[in-house]
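# Please work out how this folds:
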Amino acid sequence: MSDKKKKVFTPKEYTTTRRPVILKSDRDPPKEQPKEKPEREKQPTIILKTREQSTSKEERPLSPKSVKSPTSENDGIQPSKIAHNENKEKRESKPSPPLKFMTEPVKLLDENLEFNNAALEFLHDSSTNYLVVGIIGNQGVGKSMIMNLIALNTHTEELCNHILHSHELADSTFVLNDVSAVSNQLEALDFSGMHEKKTSAVDFKFKMQDIEQIERGTHCTKGIDMYITNDRVILLDCQALWSPSLIEESNTNPITARSTNVMTVDCLQIASYLMAICHVLIGVQDWFTDYNFIRYIQAAEMLKPSLSGSSGSQEPNEPAHGADSQPHLLLLHNRCQLEDFTPEAVTAMQDVYRKAFQKSNLQLQSGMYLYNDCNRNGPGSSLGALSERCGAPLNLILLPEIQPCGNQETYRGHPPFEQLAKRLRWMVMGVHRHQITNVPNLSEKGWFHFCTKAWETIRKCTFFMEYERFLP
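So this is what the prediction gives:
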């Protein structure tokens, strides 16, 4: 027991308490020391000085904006102008491009009936007061001559002489084998002076048939020719509705029934196209009456697709009924004889056209007629009896056959050709210009874009293809 160690007990007052050691961890963020509050900044003292009443207005100080520099008064230059303001003013004051005037017609539809955009540079984007006039007719009835009469601003007394000799230089009479008269006439001709006199007096825009084309029976216009006058009248001269020379030119193989049907459908598409884009459509005949021509107009109106949406992307499956605007149809008879101007003949013409177009939506009573109901705006006293016996007038105008006659005082049974041509232009220019599309105030360029979509719609229309199947 002695070997065991003895336990030594220390009293409590002599023992020291141990405190736990706490190690600092890196995870704990360091405590920010309290910042000393900065001293409050003192606000600056502003001393306002009252304006003295004795100081005159001229001596008072002015702001820098109201002070005008001497250079700005002399040179008109503002040195403090900002650069982006200068660019903005330049953009706003940018002048519009000058309007180009046509000197000769351009193609709206070329020889292959493809749309041509060459006339877009002659159209204005801000002009809305324009008139579109189209013309249809058979071959050789004088369509280009009618367009030239409407394009002329003044009708001179030598108009008939220029129309007669527009396709040849001079009239010559041949006596068997006597060539001396021809040689003497060729020596006396002054080609340069004659050309200058012709172009200065009457300037025809549309090309008319020459003597070679008349003798061979060939056409002069292919597709649609477009000319814009200075009065913003858009004239559209189209090819013949049905011409054997067009069929012969378009086919190298022997002519078959298929080729004639294709040409018939192409002409119907052109007639429907003019009905869709024109204010006035002139139908020309050179004798009364061509029933095939009337059927052409009726078929073109029946097959015309609806263009009220003015979009060419949609496929038309139904013809137009009345939603689209219809043009003013002017029936014009060219090369009329003396008996055509009698009241009985005019009454018969109007009765036939009333019955033929009684179910048509084309505007036939638009104020374009040969005489007036009250006989106030009539072309002459020789047609005064027409207003009493012919009834309500239709859009019908007669133009007499041009004959070389030096004496203007000779009674012909109708007014002179120049006076009737002037009345024709007056009636066409004064017609009501209705809205062609659903877009109000359509500009000239907008009308041109509508023409593009309208032609695409008509070419894709299945109605014309179905009509071709029923042709013989």
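# is it fair to say H333 lies in a strand?
Yes: H333 forms part of a strand when assessed by DSSP: H, G, I helix; E, B strand; the rest coil.
# Alpha carbons only: can I get the longest helix along the chain in PDB?
With secondary structure taken from DSSP state H, the chain has its longest helix at helix 257-277. C-alpha atoms of helix 257-277 as PDB (Å, rounded to 0.1, in the frame of the first residue of the first chain):
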ATOM      1  CA  ALA A 257     -56.600  26.000-135.200                       C
ATOM      2  CA  ARG A 258     -54.600  25.800-132.000                       C
ATOM      3  CA  SER A 259     -52.500  28.800-133.000                       C
ATOM      4  CA  THR A 260     -55.500  30.900-133.900                       C
ATOM      5  CA  ASN A 261     -57.100  30.000-130.500                       C
ATOM      6  CA  VAL A 262     -54.000  31.100-128.700                       C
ATOM      7  CA  MET A 263     -53.900  34.400-130.400                       C
ATOM      8  CA  THR A 264     -57.600  34.900-129.700                       C
ATOM      9  CA  VAL A 265     -57.100  34.300-126.000                       C
ATOM     10  CA  ASP A 266     -54.100  36.700-125.900                       C
ATOM     11  CA  CYS A 267     -56.200  39.400-127.500                       C
ATOM     12  CA  LEU A 268     -59.000  38.800-124.900                       C
ATOM     13  CA  GLN A 269     -56.500  39.100-122.100                       C
ATOM     14  CA  ILE A 270     -55.200  42.400-123.500                       C
ATOM     15  CA  ALA A 271     -58.800  43.700-123.700                       C
ATOM     16  CA  SER A 272     -59.600  42.600-120.200                       C
ATOM     17  CA  TYR A 273     -56.400  44.200-119.000                       C
ATOM     18  CA  LEU A 274     -57.300  47.600-120.500                       C
ATOM     19  CA  MET A 275     -60.700  47.400-118.800                       C
ATOM     20  CA  ALA A 276     -59.000  46.900-115.500                       C
ATOM     21  CA  ILE A 277     -56.400  49.800-115.700                       C
END
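# Just confirm V352 is within a strand.
No: assigned with three-state DSSP, V352 falls outside any strand and is helix.
# residues of stretch 441-459 that come out buried?
442-444, 446-451, 453-455, 457-458 (16 or more other C-beta atoms under 10 Å). In this view, the C-beta of every residue, glycine as well, is placed from N, C-alpha and C.
# Identify the farthest-apart pair in these.
Across the buried residues of stretch 441-459, the longest distance by C-beta to C-beta is 22.4 Å; it joins S443 and I458.
# tell me the angle of the host helix or strand of F448 relative to helix 257-277?
Using DSSP states H and E, F448 sits in helix 444-460. For helix 444-460 against helix 257-277, the angle by axes from the mean of the first three to the mean of the last three C-alpha atoms, to 10 degrees is 150 degrees.
# counting contacts, what elements does helix 444-460 pack onto?
helix 257-277 (3 or more C-beta pairs under 8 Å, 6 or more residues apart in numbering; DSSP states H and E).
# Mind checking what helix or strand follows the helix it packs on in sequence?
Counting by DSSP H and E, the next helix or strand C-terminal to helix 257-277 is strand 280-285.
# If you compare the directions of that next one and helix 257-277, what angle comes out?
140 degrees.
# buried residues in the helix or strand just after strand 280-285?
Sequence order places helix 291-303 as the next helix or strand after strand 280-285, per DSSP H and E. Under the neighbour-count criterion of 16+ other C-beta under 10 Å, helix 291-303 has 293-294, 296-297, 299-301, 303 buried.
# Now do the contacts for M465.
Applying C-beta atoms under 8 Å, 6 or more residues apart in numbering to M465 gives the contacts V265.
# Give me the secondary structure label for it.
Criterion first, three-state DSSP; result for M465: helix.
# Give me the pLDDT value at it.
For M465, the model assigns a pLDDT of 90.
# Nearest spatial neighbour of F341, chain-adjacent residues omitted?
Sequence neighbours aside, H414 is the residue nearest to F341 in space, at 4.5 Å (criterion: C-beta to C-beta, 6 or more residues apart in numbering).
# Can you give me the separation between the one you found and L370?
9 Å (C-beta to C-beta, to the nearest Å).
# out of those two, which sits in the busier spot?
Neighbour count, other C-beta atoms under 10 Å: between H414 and L370, L370 has more, with 26 against 22.
# what are the phi and psi angles of the more buried one?
Backbone dihedrals for L370, given as degrees, to the nearest 10, come out at phi -80, psi -30.
# just checking, it touches P400?
No: using C-beta atoms under 8 Å as the test, L370 is too far from P400 to be in contact (11.5 Å).
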